[in-house]
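> Attaching a predicted model along with its sequence, questions to come.
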There are 2 protein chains.
Amino acid sequence: MTATSNKLLDLPSLAGDVRSGQRAALARAITLIESRRSDHQASARALVQELLPETGRAIRVGITGSPGVGKSTTIDALGMYLIEQGHKVAVLAVDPSSARTGGSILGDKTRMARLSAEADAFIRPSPSSGTLGGVAAKTREAMLLCEAAGFDVVLVETVGIGQSETAVCDMTDFFLALMLPGAGDELQGIKKGLVELADMIAINKADGDNIARANLAAGEYRAALHILTPRSVHWQPPVQTYSAMTGTGIAELWQSVLAHRDATAPSGEFDARRREQQVKWMWTMLEDRWKARLKSDAAIRAKVKHTETEVAAGRLTPAIGADAIAELLA
Amino acid sequence: MTATSNKLLDLPSLAGDVRSGQRAALARAITLIESRRSDHQASARALVQELLPETGRAIRVGITGSPGVGKSTTIDALGMYLIEQGHKVAVLAVDPSSARTGGSILGDKTRMARLSAEADAFIRPSPSSGTLGGVAAKTREAMLLCEAAGFDVVLVETVGIGQSETAVCDMTDFFLALMLPGAGDELQGIKKGLVELADMIAINKADGDNIARANLAAGEYRAALHILTPRSVHWQPPVQTYSAMTGTGIAELWQSVLAHRDATAPSGEFDARRREQQVKWMWTMLEDRWKARLKSDAAIRAKVKHTETEVAAGRLTPAIGADAIAELLA
């Protein structure tokens, strides 16, 4: 962790360099956030608080999809489109499995070949440490730093796993689910949990021979979504087709992101979502901390495990189990 | 609270009377569970633990639906059918609003006119105290007592509100969503959160002139659910029509409850759901207790509120907010 050597701890200077949009400073600041050293963590906390007034100005878009759906090529195409429009684009990721597998969904920048060469793009792989809660918290703070550095669009990629998707939805303004063409029996099912989260479904690979199938799939998804009551009275999640390869429909994807903001901002819903996210994030951090206390000591861990087993087996009521664990914390 | 007078506290005798299926004892035991007196709460905890070996033998069915869908008449018809089949049926409810509105969804037993006159039925309105967490915890323990008293089917009614539905789904084996007929533009939307929970959708009032509309609605719901990936590989939630008024389809509703058990039991999924529910319940109780500490003192409450406001407004990072609240608890 040479990047987080002592000189990093000149916080006012680091904050200033981030504010002026220096990419190397931004990268160092994110490394500071990701450090597990407790002095680094204290510095990181102070740094984010210091930069907080400069945050919140980006549009935050979460992007999910199963492997093979073309997340990287989509982000590459969407990012290039946004840069052409004059935006500065940061790309982050939440992939709690990257620590275990040794790879990150964004580790290989060649997967976003064009975007990674752009001065107005900043691509950062998923933090590769520990629990989903930890990974998500670090990505959220990295997002704030990117905003302070002047990036006005933040794309947060995630793997198509329920908990990670919820975490990314909880830190973004708009949650985009990518799907593949296919109709009838070939149609890819929408995970129930995802229906709850998605602000839009976009079907990739609508090019060449696939266009008809993509349109059929869009029709079927649209019919299904139509029967579900939307989360917001101001926004019915649309279903669109596009091709990351040819670029067809990429501009329309972005139009939907803007249309969602225009539809939900006047009533205050857009800002309310952010406020609720921030408060929820705080409570999640508190809960994680409180649960971490139960894992910090081997003897306590064993007693918690034993209590859980007894409750699961129906030998102990949950109320008495809760008593037993509360005593460990007292 | 005369029903919870001192004689209640002869726990072994009360436990014995519940075990032998005495309805008056069961009612007294549930009143003990619902009491807020701390000595009663300690007794209630001991009573549930004492009876725990006799619990778990019922099929637990959660039932939800919007006002007007006919929940009470459905439970009346289903309950009567089950009693004719030789079952003993307990009906409970989770309605956190009953304390505020002064009424309970099950307070008026005349709404289940036939069932409430049956010796093999036991109907208990929602506990009318406080938070959803409190109401749900009491209903769960009441369910265990009903099982110990020999009721082999427990129906738990809930109002069609997201959080209450999740609480009831988390205490039952099978979660049934009731809907009304109607097709096309008249079709009642399925709430997204409900799609995640429902093990079956049943369309009531499929009688007389409504039969064709009910069948059309069923077809549309079926098509929508088909596109969603089911929660279990062993169970695709069916869509059925029935009429609580004529009784048509009531037997088939129950067949689906049994079919779900038969489909999920061999793989261990049925039992796993219960084990997970029990452990989750324990952790929820712990969290509720921990949060109650933050509400117990007016000064602390004010500081938590202030911290939440600062975080919501973006003046304080969630991490520093979490620090501030953690200090209050230290």
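Yes, it's here. Residues are numbered from 1 along each chain as shown, chains lettered A, B, ... in the order given.
> just how off-centre is stretch A:245-255 within its chain?
Stretch A:245-255 sits 21 Å away from the centroid of its parent chain (C-alpha atoms, centre = their mean, to the nearest Å).
> Now that stretch - C-alpha only, PDB.
Extracted in PDB, the C-alpha atoms of stretch A:245-255 (Å, rounded to 0.1, in the frame of the first residue of the first chain):
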ATOM      1  CA  MET A 245     -21.800  -2.800 -30.600                       C
ATOM      2  CA  THR A 246     -23.400  -0.500 -33.200                       C
ATOM      3  CA  GLY A 247     -24.300   2.300 -30.900                       C
ATOM      4  CA  THR A 248     -28.000   2.300 -31.900                       C
ATOM      5  CA  GLY A 249     -30.200   3.300 -29.000                       C
ATOM      6  CA  ILE A 250     -27.400   4.500 -26.700                       C
ATOM      7  CA  ALA A 251     -28.500   8.100 -27.000                       C
ATOM      8  CA  GLU A 252     -32.100   7.000 -26.200                       C
ATOM      9  CA  LEU A 253     -30.900   5.100 -23.000                       C
ATOM     10  CA  TRP A 254     -29.400   8.400 -21.800                       C
ATOM     11  CA  GLN A 255     -32.600  10.300 -22.700                       C
END
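> how close does A:Val159 sit to A:Val69?
From A:Val159 across to A:Val69, the span is 11 Å (C-beta to C-beta, to the nearest Å). (Glycine included, C-beta is placed from N, CA and C.)
> What count of nearby residues applies to A:Ala292?
Other residues lying near A:Ala292 total 12 when counted by other C-beta atoms under 10 Å in any protein chain shown.
> can you give me the helices in the stretch 101-250 of chain A?
Remark: helices assigned in the stretch 101-250 of chain A by DSSP state H, counting those that start in this stretch are A:132-148, A:162-169, A:192-197, A:211-227, A:250-264.
> which secondary element of chain A has the worst mean pLDDT?
helix A:98-101 (a mean of 52; mean pLDDT, DSSP states H and E).
> which residues are in contact with stretch A:84-91?
Outside stretch A:84-91, the residues within contact range by C-beta atoms under 8 Å, 6 or more residues apart in numbering or on different chains are A:58, A:75, A:79, A:82-83, A:106, A:112, A:115, A:118, A:120-124, A:143, A:146, A:149-157, A:254.
> Throw together a ChimeraX command that grabs the buried residues out of the residues you listed.
To isolate the buried members of these in ChimeraX, using 16 or more other C-beta atoms under 10 Å in any protein chain shown:
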select /A:58,75,79,82,83,106,112,115,120,121,122,123,124,143,146,149,150,151,152,153,154,155,156,157,254
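> what residue ranges in the stretch 151-300 of chain A score low on pLDDT?
For the stretch 151-300 of chain A, residues meeting the criterion pLDDT under 70 lie at A:183-185.
> go with 50
The model of the stretch 151-300 of chain A has no residue with pLDDT under 50.
> who in it is up against chain B?
Residues of the stretch 151-300 of chain A lying close to chain B (C-beta under 8 Å from any C-beta of the partner chain) are A:187, A:189-193, A:195-196, A:220-221, A:223-224, A:226-231, A:274-276, A:278-279, A:281-283, A:285-287, A:289-290.
> Are any of those buried, and if so which?
Those of these that meet the buried threshold are A:187, A:190-193, A:195-196, A:220-221, A:224, A:227-228, A:231, A:274-275, A:278-279, A:281-283, A:285-287, A:290, by 16+ other C-beta under 10 Å.
> what's the distance between the closest residue to A:Asp152 other than its chain neighbours and A:Phe122?
Nearest residue to A:Asp152 in three dimensions, chain neighbours excluded: A:Ala58, at 4.9 Å (C-beta to C-beta, 6 or more residues apart in numbering or on different chains). Applying C-beta to C-beta, the value for A:Ala58 to A:Phe122 is 12 Å.
> so what secondary structure elements neighbour the longest helix along chain A?
For chain A, the helix with the greatest residue count under DSSP state H is helix A:269-295. Where contact means 3 or more C-beta pairs under 8 Å, 6 or more residues apart in numbering or on different chains; DSSP states H and E, helix A:269-295 is packed against helix A:132-148, helix A:250-264, helix A:298-312, helix A:318-329, helix B:298-312, helix B:318-329.
> and the most centrally placed residue in chain A, what does it touch?
Closest to where the C-alpha atoms of chain A average out (C-alpha atoms, centre = their mean) is A:Val168, at 3.0 Å. With contact taken as C-beta under 8 Å, 6+ apart, A:Val168 is in contact with A:62, A:64, A:94, A:136, A:139, A:156, A:158, A:175.
> out of those, who's nearest chain B?
Proximity of the contacts of A:Val168 to chain B (C-beta to the nearest C-beta) peaks at A:Ala136, which lies at 11.3 Å.
> Quick check: that closest one touching A:Val94?
Yes - using C-beta atoms under 8 Å, A:Ala136 is in contact with A:Val94, at 5.5 Å.
> Quick check: neighbours shared by the two?
Counting by C-beta under 8 Å, 6+ apart, the residues touching both A:Ala136 and A:Val94 are A:164, A:167-168.
> ranking the helices of the stretch 101-250 of chain A by burial, who's on top?
helix A:132-148 (a mean of 24; mean count of other C-beta atoms under 10 Å in any protein chain shown).
> same for it, what does it pack against?
Helix A:132-148 packs on helix A:11-19, helix A:23-34, helix A:38-51, strand A:89-94, strand A:153-158, helix A:162-169, helix A:269-295, helix B:318-329, going by 3+ C-beta pairs under 8 Å, 6+ apart.
> Tell me what angle the fifth one forms with helix A:250-264.
Computed by axes from the mean of the first three to the mean of the last three C-alpha atoms, to 10 degrees, the angle separating strand A:153-158 from helix A:250-264 equals 100 degrees.
> Please state the offset of strand A:153-158 from the chain centre?
Chain-centre distance of strand A:153-158: 6 Å, with C-alpha atoms, centre = their mean.
> Remind me what that strand packs against, helices and strands.
Counting contacts by 3+ C-beta pairs under 8 Å, 6+ apart, strand A:153-158 is packed against strand A:59-64, helix A:71-84, strand A:89-94, helix A:132-148, helix A:162-169.
> before we move on, what about the third one?
Helices and strands touching helix A:38-51, by 3+ C-beta pairs under 8 Å, 6+ apart, are helix A:11-19, helix A:23-34, helix A:132-148, helix B:318-329.
> what do you get if the cut-off is 6 Å, keeping everything else the same?
Helix A:38-51 is packed against helix A:11-19, helix A:23-34, helix A:132-148, with contacts defined by 3 or more C-beta pairs under 6 Å, 6 or more residues apart in numbering or on different chains; DSSP states H and E.
> now do the second one
Secondary-structure packing of helix A:23-34 (3+ C-beta pairs under 6 Å, 6+ apart): helix A:11-19, helix A:38-51, helix A:132-148.
> Can I get these in TSV including distance to A:Tyr242 and mean pLDDT?
Supplementary listing: those in TSV, determined by distance: least, C-beta to C-beta, whole Å; pLDDT from 0 to 100:
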stretch	distance to A:Tyr242	mean pLDDT
helix A:11-19	34	96
helix A:38-51	35	94
helix A:132-148	25	93
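> and B:Leu258, which of these is closest to it?
helix A:132-148 (37.3 Å; C-beta to C-beta).
> contacting residues around that closest one?
By C-beta atoms under 6 Å, 6 or more residues apart in numbering or on different chains, the residues outside helix A:132-148 that reach it are A:18-19, A:29-30, A:33-34, A:48, A:51, A:54-55, A:57-58, A:90, A:92, A:94, A:96, A:127, A:154, A:163, A:167, A:171, A:288.
> Restrict those residues to the buried ones and give me that as a ChimeraX selection.
The ChimeraX command for the buried members of those (criterion: 16+ other C-beta under 10 Å) is given here:
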select /A:18,19,29,30,33,34,48,51,54,55,58,90,92,94,96,127,154,167,171,288
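> I'd say A:Arg111 and A:Lys71 touch.
No - in this structure, A:Arg111 is not within contact of A:Lys71 by C-beta atoms under 6 Å, at 8.8 Å.
> I'd like the contacts of A:Val168 as TSV, with distance to A:Leu316 appended.
Shown next, in TSV, are these (distance: C-beta to C-beta, whole Å):
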residue	distance to A:Leu316
A:Gly62	40
A:Thr64	39
A:Val94	36
A:Ala136	32
A:Thr139	38
A:Val156	41
A:Thr158	37
A:Phe175	39
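> Noted, bye for now.
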